[in-house]
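*Asks:* structure for this input, please:
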Amino acid sequence: MERPLYDLNGQAVAYIADDGERTICLWNGLAVAYIDEQLDCYGWNGQCLGWIEGGVLFDDRGQGVGFLRAEYSTRLRSEPGRQAKIVKRAKHPKSPPCPRPARPRGNSHLPLIDFLKAGAIDRA
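*Replies:* The predicted model follows:
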């Protein structure tokens, strides 16, 4: 089942596809990132963007940038309609994983949509 990915204001800005690769797609269908087996989040461009822990998506500095619905309590907005997924480009080789701080460092000021677009090969 596909899972929406929410920004810190409760707006669904992307979803994690149920495609065996845990691809993160924007609502326009553009595949921008994916979650690997260690729950690290990599952009399609190979850059380590962050990781998921406890249902929270952290950036490479350990700041919260987004969350999954079931794990975070805030006022959630309805999801926009999904468009058909576009053809995925070839993934670039992965960079080393992001170092994880001993404890989270608050919330990021970078909007989730911009965080995810930083991993895209074709900018949305």
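*Asks:* show the pLDDT at residue 77.
*Replies:* According to the predicted model, the pLDDT of residue 77 comes to 63.
*Asks:* ditto for residue 120
*Replies:* In this model, residue 120 carries a pLDDT of 91.
*Asks:* with residue 98 instead?
*Replies:* Per the predicted model, pLDDT is 81 at residue 98.
*Asks:* before we move on, what about residue 93?
*Replies:* At residue 93 the predicted local distance difference test score is 76.
*Asks:* could you do residue 88 as well?
*Replies:* The predicted structure scores residue 88 at 67 on the pLDDT scale.
*Asks:* all numbers from here: first residue = 28
*Replies:* Renumbered: residue one is now 28, and that last one reads residue 115.
*Asks:* quick one: the helices in this protein?
*Replies:* 139-144 (DSSP state H).
*Asks:* so what's the residue of the chain most remote from its centre scoring on pLDDT?
*Replies:* Counting by C-alpha atoms, centre = their mean, the extreme residue of the chain relative to its mean C-alpha position is residue 129, 21.2 Å from that point. Predicted confidence (pLDDT) at residue 129: the value is 75.
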